[in-house]
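Novice: Generate a structure from the sequence data that follows.
(one chain, ligands or ions: 3)
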Amino acid sequence: MNSAEVLARQVMHRIDELSAISETPGILTRRYLTAEHRRANELVGHWMSGAGMDTWQDAAGNIIGRYDSAQGNAPALIIGSHLDTVVNAGKFDGMLGVLCGVACVQALFQTGRRLTYPIEVIGFADEEGVRFGTTYLGSRAVTGQLDPSLFEQTDAAGISFRQALIDFGLEADQIGQAARHADDVLAFLELHIEQGPVLEALGRPAGAVTAINGQTRLSVTITGEAGHAGTVPMGLRRDALAVAAEGVLAVERECDGNDDVVGTVGILRVTPGAINVIPGEVTFTVDIRGKDDVDRRNVVAEVSRAVREAAEQRNCFVQISVLHEAVSAPCAERMIKIIERAIATVGFEPCRMPSGAGHDAAAMAELCNVGMIFLRSERGISHNPAERTSEEDVTAGINIMMKVLDEMEGY
Ligand code: HGY
Ligand code: MN
Ligand code: MN
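Specialist: Ligands and ions are numbered 1, 2, ... in the order given. Modelled structure (predicted):
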């Protein structure tokens, strides 16, 4: 086995070890600022130290390893991805990018090689936004873009982001210490699984990402009136779930009508939730993505209008709040070209593709040039325990990333 193959084998074993750290035994769920987040940081920090890096946890709960350069303190290349997961997640989403970054630094360390620039590997603390609904909290702390109003956002148990930081041993008022200055950053590089079927359909292990689609996340609350399922005539009902149903179909209808926009209702909660009670209140989430921000915002406006119209027809109230909005983020042409050349040098046909999924690179694009390497997802499956990338493709990813590091010396 050559060194990349040895490192890939180690990455696969580490993926298994890291994915065993979960809030729920038997499935993988690891949310921001939980005890499992802390354990994951400790384990990844240990691996970073073993790769010759100085390590620390920043004021937002990101775990960071730094491998210094041969000379002075030149701007650092940041390699990163996230360590938090969705509910019942796959084990490659986010973690693979962090562990491949550690593997590449380990390859340099084991051969005593120092580059002309320092490398920092960051395990971002919260990309998925599962706990507080808004994403990129870790990477936005690094770019200095965190809106202080987010600290009052609460999780499903009613714990605020502010309190969760305190419980984790951090302070909301000090999160600004995690922010980096653009002058200290050469660029940001993220390796991530594609989470879709395109590379597999092309028969390629890797691709260069051109842009990360913009996204809007909404929380919609419909308030009607709970009532007896047997006695209230249909015309006198204020059925909140009937309104929500119209909303779910509006998301599907408005996105169906636009090739570049996708929409999902991932969570829907009915109160009081009894078989013989007319639903009095329903809360559901909407996730709308698109590469064109104007298209995406038009779809959001159309969905909002349809929900309000359905509510009016049923004498219900609607509250629509924007949990999160991220504009579409382009990858830097120079980084795309370097990644394409690296893919070709390693022996594969390069290709370019947009990312329908959000990534920390979208947040980091506010601070510096970003580039993303996509690796093939088997059957295009992700956000699902069946999510998988082969060891062979991980070997290709490590070889590609090493070639990118070589080229970044001239960036
Ligand atoms: O939701 C996403 O696009 C990403 O997995 N956070
Ligand atoms: Mn994800
Ligand atoms: Mn991800």
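Novice: Near residue 56, how many other residues are there?
Specialist: When counting by other CB atoms under 10 Å, one arrives at 12 neighbours for residue 56. Any C-beta I mention is one placed from the backbone N, CA and C, and that applies to glycine too.
Novice: same thing with residue 341?
Specialist: Look at residue 341: counted by other CB under 10 Å, it has 16 neighbours.
Novice: you'd agree it is up against residue 406?
Specialist: No - using CB atoms under 8 Å, residue 341 is not in contact with residue 406; the gap is 10.2 Å.
Novice: Point out the residues in the stretch 101-250 of the chain that sit beside ligand 1.
Specialist: Listed as neighbours of ligand 1 in the stretch 101-250 of the chain under the rule CB under 6 Å from any ligand atom: 127, 128, 135.
Novice: List just the nearest of those residues to ligand 3.
Specialist: Ligand 3 lies nearest to residue 127 out of these, by CB to the ion, at 5.6 Å.
Novice: ok, the closest residue to the closest one other than its chain neighbours to ligand 3 distance?
Specialist: Using CB to CB, 6 or more residues apart in numbering and skipping residues adjacent in sequence, the residue nearest residue 127 is residue 82, 3.3 Å away. Plainly put, residue 82 is 6 Å away from ligand 3 if you go by CB to the ion, to the nearest Å.
Novice: Quick one: residues contacting residue 82.
Specialist: Residue 82 is in contact with 94, 97, 98, 123, 124, 125, 126, 127, 128, 138, 139, 360, counting by CB atoms under 8 Å, 6 or more residues apart in numbering.
Novice: Pick the one among those residues closest to ligand 3.
Specialist: residue 94 (4.4 Å).
Novice: Grab the nearest non-local neighbour of that closest one.
Specialist: Nearest residue to residue 94 in three dimensions, chain neighbours excluded: residue 82, at 3.7 Å (CB to CB, 6+ apart).
Novice: May I ask which two of the contacts of residue 82 are separated the most?
Specialist: With CB to CB as the measure, no two of those lie farther apart than 97 and 126, at 15.0 Å.
Novice: can stretch 338-358 be found next to ligand 3?
Specialist: No - between stretch 338-358 and ligand 3, judged by CB under 5 Å from the ion, nothing touches; the nearest distance is 6.2 Å.
Novice: the helices in the stretch 251-400 of the chain, which residues?
Specialist: For the stretch 251-400 of the chain, helices defined by DSSP state H, counting those that start in this stretch occupy the ranges 293-313, 333-345, 360-364, 391-407.
Novice: Point out the residues in the chain that sit beside ligand 3.
Specialist: Contact residues, the chain versus ligand 3 (CB under 5 Å from the ion): 93, 94.
Novice: What pLDDT is listed against the residue nearest to residue 127?
Specialist: Residue 82 is assigned 98 on the pLDDT scale.
Novice: Do I have it right that residue 3 meets residue 107?
Specialist: Yes - shown here, residue 3 and residue 107 form a contact pair, counting by CB under 8 Å, at 5.9 Å.
Novice: re the thing from before, if you count surrounding residues, which of residue 97 and residue 126 has more?
Specialist: Taking neighbours as other CB under 10 Å, residue 97 and residue 126 compare with residue 97 leading, 32 against 28.
Novice: May I ask you to confirm that that one is in contact with residue 83?
Specialist: No - Residue 97 lies out of contact with residue 83 (CB under 8 Å); the separation is 9.8 Å.
Novice: Am I right that residue 362 is in contact with residue 212?
Specialist: Yes - taking CB under 8 Å as the definition, residue 362 is a contact partner of residue 212 at 4.2 Å.
Novice: Common neighbours of these two, please.
Specialist: By CB under 8 Å, 6+ apart, the residues touching both residue 362 and residue 212 are 328, 329.
Novice: and the helix or strand harbouring residue 189, how far out from the chain's middle?
Specialist: Secondary structure assignment for residue 189, by DSSP states H and E: strand 185-193. Centroid separation for strand 185-193 versus its chain: 13 Å, with CA atoms, centre = their mean, to the nearest Å.
Novice: residues near the closest residue to residue 168 other than its chain neighbours, how many?
Specialist: Take residue 168 and drop its neighbours on the chain: the residue closest to it by CB to CB, 6+ apart is residue 33, 4.4 Å away. Number of residues near residue 33 (other CB under 10 Å) recorded here: 26.
Novice: mind checking the SS state of residue 33?
Specialist: At residue 33 the chain is in coil, as set by DSSP: H, G, I helix; E, B strand; the rest coil.
Novice: and it, what does it touch?
Specialist: Contact partners of residue 33, counting by CB under 8 Å, 6+ apart, are 61, 125, 126, 131, 161, 164, 165, 167, 168, 170.
Novice: doesn't residue 117 make contact with residue 70?
Specialist: No - counting by CB under 8 Å, residue 117 is not a contact partner of residue 70; they are 9.1 Å apart.
Novice: more neighbours, those two?
Specialist: residue 117 (22 against 11).
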